[in-house]
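*Asks:* Next come a sequence and a model predicted from it.
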Amino acid sequence: MSIPQSGGGPIERHEQLVEYLSDGCKPKDAWRIGTEHEKFGYCKDTLKPLPYEGDRSIRAMLEGLRDGHHWAPVEEAGKIIGLEKDGANISLEPGGQLELSGAPLENIHETCDEVNVHLREVQDVADKIGAGFIGLGAAPIWTHDQMDLMPKGRYKLMNDYMTRVGTMGRVMMRRTCTVQVNLDFGSEADMIQKMRVAIALQSVATALFANSPFFEGRPNGYKSQRSMVWRNLDAARTGTLPFVFEDGFGFERWVEYALDVPMYFVYRDGEYINALGMSFRDFLQGKLPALPGQTPTLSDWADHLTTAFPEARMKKYIEMRGADGGPWRRLCALPAFWVGLMYDQEALDGAWDLVKDWGPAQHDALRTAASIDGLQAQVTGINMHDIAREVLALAELGLKNRARPGAGGMVPDETHFLNALKESVESGKVPADELLDDYHGVWGGDLTRIYADYSY
């Protein structure tokens with residue numbers, strides 16, 4: 001989850017809301033890649049989730065990274081709740097999931113170097129306190145009550161609100177993990193094409209990265225439990241957003257959408273003020289019940305944009321949000337997949353040609369089917385396995401066209417980061433299928449074996 005935004009002055013005219021988004025436009029040579037990934041921490045001896053406090057805890061992890069690896073602490077109400085270093089930050093999801101929000105980088109080689117360094121640092125600290133970390137889309141065994149809510153004001157408000165909307169909000173908060181990539185756009189027209197392709201193809205990412213077939217100790221009937229959870233979270237702020245494909249979509253239309261997303265909070269003087277269910281439109285007019293007479297700043301607007309959770313989200317960049325958290329190779333494959341599709345015009349045009357005739361019903365049906373069946377999903381004549389094969393070929397084409405070398409020039413481009421996905425397309429099996437094979441095979445139904453076999 002995002003940290004509080006800062007640096008924005010008062011909003012004095014509606015156009016500033018649009019300009020905030022359009023200011024994200026960058027020339028192609030300034031496009032960067034920001035990768036975020038979450039993981040579950042647990043006590044090695046008990047296999048229970050790490051609490052916030054204690055010798056083996058989330059707090060101990062953050063302090064160990066601060067003291068041993070030169071991260072600067074981020075605190076709230078006197079408690080350490082994150083870290084910052086070199087343009088990256090480490091933050092906490094509501095249930096203690098540890099998230100790296102990587103620095104904006106130029107290529108996937110740098111992204112994977114960043115992942116490697118981060119996971120080595122995490123393992124160094126975790127080994128010292130008897131903890132482990134695992135990359136999955138959903139907690140396979142733990143219950144809600146076993147997982148501490150992290151001491152962040154935002155999460156306290158959300159935890160209450162999630163009982164009023166949908167059915168899966170608290171599950172999302174504590175017991176899911178994702179990997180996502182944040183990508184730039186060059187113009188409004190570029191943003192529109194990228195958003196349309198992003199929304200349409202999140203279902204393919206969900207299928208390829210499906211990695212959460214267990215919940216509360218047994219198979220759950222889904223390849224991606226995480227995706228199912230998001231489908232049942234809060235209809236006012238999630239989904240595949242049919243308006244993105246309508247004539248007239250652009251920055252202004254996104255502003256109108258975001259203004260209709262109910263508020264969570266306003267951040268003032270280090271505190272989160274309860275604005276649950278209130279209207280940002282009222283805030284603009286000084287009529288917010290939580291802060292009567294006050295009007296918002298651009299920082300408030302930036303904060304509010306982080307409280308919408310569609311399959312692809314626009315801020316000053318586009319976030320790809322459809323994938324489960326997973327093993328190391330998938331952490332590098334996710335940015336490679338989307339960079340190949342989005343940062344090369346030939347690949348982007350090819351991707352749009354694939355999906356341009358799909359309608360809202362197909363987007364929703366594919367999203368649902370991907371969560372249940374992975375690559376075996378079938379929707380009104382659309383075969384997910386076939387689409388994934390075509391999309392992956394386009395991503396590979398895009399990375400070849402980018403021709404960004406690594407390893408001092410020894411590696412000609414970034415295409416090898418797609419190898420894990422190519423193996424899935426060749427075999428028809430995604431990580432969830434492999435986990436289920438182990439559960440029904442060598443594990444003999446003993447799900448605790450997942451920690452030893454799949455941890456970082």
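*Replies:* Thanks, I have it.
*Asks:* Surely E110 is within a helix?
*Replies:* Yes - using DSSP: H, G, I helix; E, B strand; the rest coil, the assignment for E110 is a helix.
*Asks:* Contacts only, for the nearest residue to it once chain neighbours are set aside.
*Replies:* Excluding the flanking residues, the one nearest E110 by Cβ to Cβ, 6 or more residues apart in numbering is I33, at 7.9 Å. All C-beta spots, glycine's among them, are computed from the backbone N, C-alpha and C. Listed by Cβ atoms under 8 Å, 6 or more residues apart in numbering, the contact partners of I33 are 104-108, 110-111, 181-183, 335, 339.
*Asks:* Also G153?
*Replies:* 76-77, 265, 271-272.
*Asks:* Please repeat the previous calculation with a cut-off of 6 Å.
*Replies:* Residues counted as contacts of G153 (Cβ atoms under 6 Å, 6 or more residues apart in numbering) are Y272.
*Asks:* re the thing from before, now the residue nearest to E110: how far from L21?
*Replies:* Here I33 is placed at a distance of 20 Å from L21 (Cβ to Cβ, to the nearest Å).
*Asks:* next one: S279
*Replies:* With distances taken as Cβ to Cβ, S279 is found 20 Å from L21.
*Asks:* just V379 next, same as before
*Replies:* Taking Cβ to Cβ, one finds V379 at 32 Å from L21.
*Asks:* And K356, by the same measure?
*Replies:* 24 Å.
*Asks:* quick one, which of those two is more surrounded?
*Replies:* Comparing K356 with L21 by neighbour count (other Cβ atoms under 10 Å), the higher total belongs to L21, at 23 against 11.
*Asks:* Do I have it right that the more buried one meets F251?
*Replies:* Yes - between L21 and F251 there is a contact under Cβ atoms under 6 Å: 4.6 Å.
*Asks:* contacting residues for P360?
*Replies:* Neighbouring residues of P360 by Cβ under 6 Å, 6+ apart: P242.
*Asks:* do the same with G286
*Replies:* G286 neighbours (Cβ under 6 Å, 6+ apart): 293, 295.
*Asks:* repeat that for 7 Å
*Replies:* When contacts are counted by Cβ atoms under 7 Å, 6 or more residues apart in numbering, G286 touches 293-295.
*Asks:* export these to JSON lines and tack on neighbour count?
*Replies:* Listed next are the contacts of G286 as JSON lines, based on neighbours: other Cβ atoms under 10 Å:
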{"residue": "G293", "neighbour count": "7"}
{"residue": "Q294", "neighbour count": "15"}
{"residue": "T295", "neighbour count": "15"}
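*Asks:* For those residues, could you give me CSV that also reports pLDDT?
*Replies:* CSV is the format used below for the contacts of G286 (pLDDT from 0 to 100):
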residue, pLDDT
G293, 96
Q294, 97
T295, 97
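*Asks:* before we move on, the earlier item: list just the nearest of the contacts of I33 to G169.
*Replies:* Proximity of those to G169 was ranked by Cβ to Cβ; the top entry is N182 with 23.5 Å.
*Asks:* The closest one pairs with what?
*Replies:* G34, E319 (DSSP bridges).
*Asks:* That one contacts H37, doesn't it?
*Replies:* No - counting by Cβ atoms under 7 Å, N182 stays clear of H37, with 11.9 Å between them.
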